[in-house]
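Peer 1: here is the input, now give the coordinates:
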Amino acid sequence: QNFVISKTRLSSEYQSKIGLVVHEVLHNLGLGHTQKRQDASEHIDIKWENIKDGSKRQYEACIAANDNSCSRYNDYGTPYDCMSIMHYRDTYFITDAARGSGGKTMVAKKEGCDLSSSASSLSNADIEILKKMYCANSPQEKVILSPNHPSNYPDNQDKEYPISVDDGFVIGIWFTEFKLEAHASCGYDWVQVVDADGTVLLDKSCGETKPARITSRTKSLTVKFHSDSSENFAGFRTEYEPVGSAPPPVDGGWSDWSGFSSCTNGKDGKSVCKKKKVRYCNNPPTDNDGKPCAGDSEMFEDCVPAWTVPTKNLDCVLTGGWSAWSEPSTCSSLCSSSKTRTCTNPIPLNSKECEGKSSESSTCTGGDCPSSTTGTIKSTNYPANYPDNADITFPLAVEDGSQIELTFTAFDLEANSNCAYDYVKVLDTDGTTQLAKLCGDSLPSKIKSSGNKLTVVFHSDVDINKKGFQATWNIVFGATFGEVTSPGYPSSYPNSQTQVKTISVISGAKIELTFTALNIEAGDNCPYDKLTIYDSASQSGDKLDELCGSTLPSSPIFSTGNAMTLVFTSDGSVVSTGFKATWKVKL
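Peer 2: Numbers count the residues shown, from 1 in each chain. Next comes the predicted model:
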C-alpha cells in the first residue's frame, strides 16, 4: 500500500492528526481496516444509505474470493475492537444528507462498542496484531505461554511457572490471551496464580474471560496450569513486569478506652439508663490492606440509679415505682398489723417521687393481740367510698382447733364477671386456697375456714369507687369429728384440680383419719392423680401418706400434732369418684 497522506500539520493540540499518520503507517505495515473484518457484522450494523457512493468499498468485508489481496488480511484471532486506530469512526465518508439529519454510517450492535469517540492511539488489539505479525518467532521476555500455545494444550498437564524480580520490587502480571475449557467451578482445566507467601492472587480460573491485572505481595510468584484428560483449547499467554514494591500492610491498633459518657435512656422514663465509652482504630490506623482492629469500638454499661447523680445525667429520666408490699407484721398488742413498701422499683431520677402511701395498717387477731373470739373488718374509708389503688390485708387467727366464720353485713364493689377490677378475696388457713373472690353489690354467703386462720384481701384498681364492705367474724370452737371428701364426691372429680383441706383440733390433741372410700386413678408411685397427707397445718410438714388406686389403707392415719393437711391433685385426663374419709380427735 502506498503512503496516501500528501500533507498534514502535526501538533500536540490536534492528536487526531497524529492518529491519522499512525493509521496510514499501520496500513503500510500490513494492517487492514477493522470494519472490514469478516466478523464485523457481529459487532456493527452498516448503514449503506448514509455512505458516499465512492467509499462504500471501505466498509465491505475483506473476502479473498472477492478480492485476492484479502488473502493477506489476518486479524490473528484478536478480539474485535471498536476503538482500534484502524476502525473508522461513525461519520467517516458520510453523505451530506445523513450528516444534516444526524445519521451515522455504522451503529454498534453490542454494549461497549464505541464508534463515536476519537481513536487516535494504538489499542491493545492493535499492539497484539503487530506482535503476532513481527514478534511471533522472536524470543519473548517476561512472557509465559501455556504448553503449545497458540495451538491447543495437550491433556493431563500440570505445569508451574515461577517468576521472580529484583529486591525492592513486586510483580505486575496480566493475561493477553485466555481460552481454557469452561466449567462453573473450573474443575477440569484451570490457571492459578499463587504468591510466594502462600497468598492465592488468582483462584482457579477457566473459560474465555481474561482475569484482571494482578499485583503480587512479594517479589516472587508461581503461575500454575492444569489440564485434564479431554477437551483442549489454545490456553493462555501472560506478560509480567517488575513494579515498585507496595508498602507493607499495617494492622490497625486500638486507642485507649475513653471515659464513660453521662447516663441516658432518651428520657423515656422507664428503660434502663446506660453509659458508653469508645475507642478508635487509630493506634495505628489500618493501612495498605492491613487487618482491621478486632472487637467493638463501643462499650455500654447499665447505670445504677442509686449511684447516678441526677444533675450530671439529665438525659436519664426514671419514673419511680413502688416495690411489692412487705409481709404484714406480727399482730401487735393493739391488734394492729402493718406492711410497707419503698419507692425503689426503680428509684426516681429527674422525676417525681412515687404517689401513694409507703405503709398501711389493718386490724388483726393472733400474735400479741389479746385472745379474741369476734371482730369487725371493713374496706378503706367505709362507709365513704374507698380510694383508687387500695390494697389491704386482714389476717385473722383464733386458737388452735377452732375455725373462723366470716359474715358480710354490707357489700358494694365495682362489678365485673371475673372480679378483675375491685374485689375481696378470702383465703383459707393455708394462705393459698381461695375460698371466694367477690365483687358487685350482692351480699355474699357466710364463709368458714377449715382451720384456725382466715385471710381477707381487699383490692381496688385505678378508677370507679364504691362504698366497699363491712364484715364480722366469729370463732367456731373446735369440732371433735368430721368428714372430708374429694371435689364432687360421690360423682367423679374434675381434671386439673388441686384441693387443700386443713384439719385443726385443740392444742395437745391429735387427729385420727379413717378412709371409707377410695377410687383415684392408679399408677406406680401415683404419678397421675393422688391424695397427699401432711403432718402439719401446711404442706411443709412431714408426709404421712400418699394414696391412689382403690385399695383402702389397712389402718387409720394419725397426726403427731393437732393439725393435718390433705392435698388432692388430678391431672388432665382419666377421672374417678375420688375419696371419702372421717376424722376425730384423739386425746
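
Peer 1: residue contacts, residue 107?
Peer 2: 44, 45, 47, 90, 115 (CB atoms under 8 Å, 6 or more residues apart in numbering). For glycine as for every other residue, the C-beta is placed from the backbone atoms N, C-alpha and C.

Peer 1: please repeat the previous calculation with a cut-off of 10 Å.
Peer 2: Applying CB atoms under 10 Å, 6 or more residues apart in numbering, one finds that residue 107 lies in contact with 44, 45, 46, 47, 50, 90, 113, 115.

Peer 1: pLDDT value on residue 371, please?
Peer 2: On the pLDDT scale, residue 371 is placed at 60.

Peer 1: just to revisit the earlier point, how about a markdown table for the contacts of residue 107, with neighbour count added?
Peer 2: Listed next are those as a markdown table, based on neighbours: other CB atoms under 10 Å:
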| residue | neighbour count |
| --- | --- |
| 44 | 24 |
| 45 | 11 |
| 46 | 17 |
| 47 | 17 |
| 50 | 20 |
| 90 | 21 |
| 113 | 16 |
| 115 | 21 |
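
Peer 1: farthest-apart pair in these, please.
Peer 2: 50 and 113 (17.7 Å; CB to CB).

Peer 1: quick revisit: closest to residue 364 among the contacts of residue 107?
Peer 2: residue 113 (99.2 Å).

Peer 1: ok, that closest one touching residue 80?
Peer 2: Yes: using CB atoms under 10 Å, residue 113 makes contact with residue 80 at a distance of 8.1 Å.

Peer 1: check the contact lists of those two and give me the overlap.
Peer 2: Joint contacts of residue 113 and residue 80 (CB under 10 Å, 6+ apart) are 43, 44, 87.

Peer 1: what about the closest residue to the last one other than its chain neighbours, neighbour count?
Peer 2: Closest residue to residue 87 in three dimensions, ignoring its sequence neighbours and counting by CB to CB, 6 or more residues apart in numbering: residue 34, at 3.7 Å. Other residues within reach of residue 34 by the criterion other CB atoms under 10 Å amount to 25.

Peer 1: phi and psi next, for residue 34.
Peer 2: Backbone torsions of residue 34, given as degrees, to the nearest 10, read phi -70, psi -40.

Peer 1: and for residue 421?
Peer 2: Main-chain torsions, residue 421, degrees, to the nearest 10: phi -100, psi -80.

Peer 1: next one: residue 349
Peer 2: Dihedral angles (degrees, to the nearest 10) for residue 349: phi -130, psi 130.

Peer 1: that one contacts residue 262, doesn't it?
Peer 2: No: using CB under 10 Å, residue 349 is not in contact with residue 262, being 11.9 Å away.

Peer 1: and for these two, which residues touch both?
Peer 2: Both residue 349 and residue 262 are contacted by 273, 303, 308, 309, 313, 314, 316, under the criterion CB under 10 Å, 6+ apart.

Peer 1: from residue 344, how far off is the fifth one?
Peer 2: Residue 313 sits 18 Å away from residue 344, going by CB to CB, to the nearest Å.

Peer 1: again, but for the third one
Peer 2: Here the criterion is CB to CB. By it, residue 308 lies 13 Å from residue 344.

Peer 1: which one's more surrounded, these two?
Peer 2: Per other CB under 10 Å, whichever of residue 308 and residue 344 has more neighbours is residue 308, with 18 against 14.

Peer 1: list the contacts of the spatially closest residue to that one that is not a sequence neighbour.
Peer 2: In this structure, residue 308 finds its nearest non-sequential neighbour in residue 263, 5.5 Å apart by CB to CB, 6+ apart. Residues in contact with residue 263 (CB under 10 Å, 6+ apart) are 272-276, 301-305, 307-310, 312-316, 318, 349.

Peer 1: from these, which land in helices?
Peer 2: Among those, DSSP state H puts none in helices.

Peer 1: for residue 143, give the beta-bridge partners.
Peer 2: Under the criterion DSSP bridges, residue 143 forms beta bridges with residue 239.

Peer 1: spit out the contact partners of it.
Peer 2: Contacts of residue 143 (CB under 10 Å, 6+ apart): 131, 135, 149, 176, 237, 238, 239, 240.

Peer 1: may I ask which of those residues comes out lowest in pLDDT?
Peer 2: residue 135 (75).

Peer 1: so where's the stretch 1-150 of the chain uncertain?
Peer 2: For the stretch 1-150 of the chain, residues meeting the criterion pLDDT under 70 lie at 1-16, 71-72, 136-140.

Peer 1: ranges for the helices of the stretch 101-250 of the chain?
Peer 2: Applying DSSP state H, counting those that start in this stretch to the stretch 101-250 of the chain gives helices spanning 124-134.

Peer 1: separation between the nearest residue to residue 37 once chain neighbours are set aside and residue 540?
Peer 2: In this structure, residue 37 finds its nearest non-sequential neighbour in residue 75, 5.5 Å apart by CB to CB, 6+ apart. Separation of residue 75 from residue 540 (CB to CB): 100 Å.

Peer 1: great, nothing more from me.
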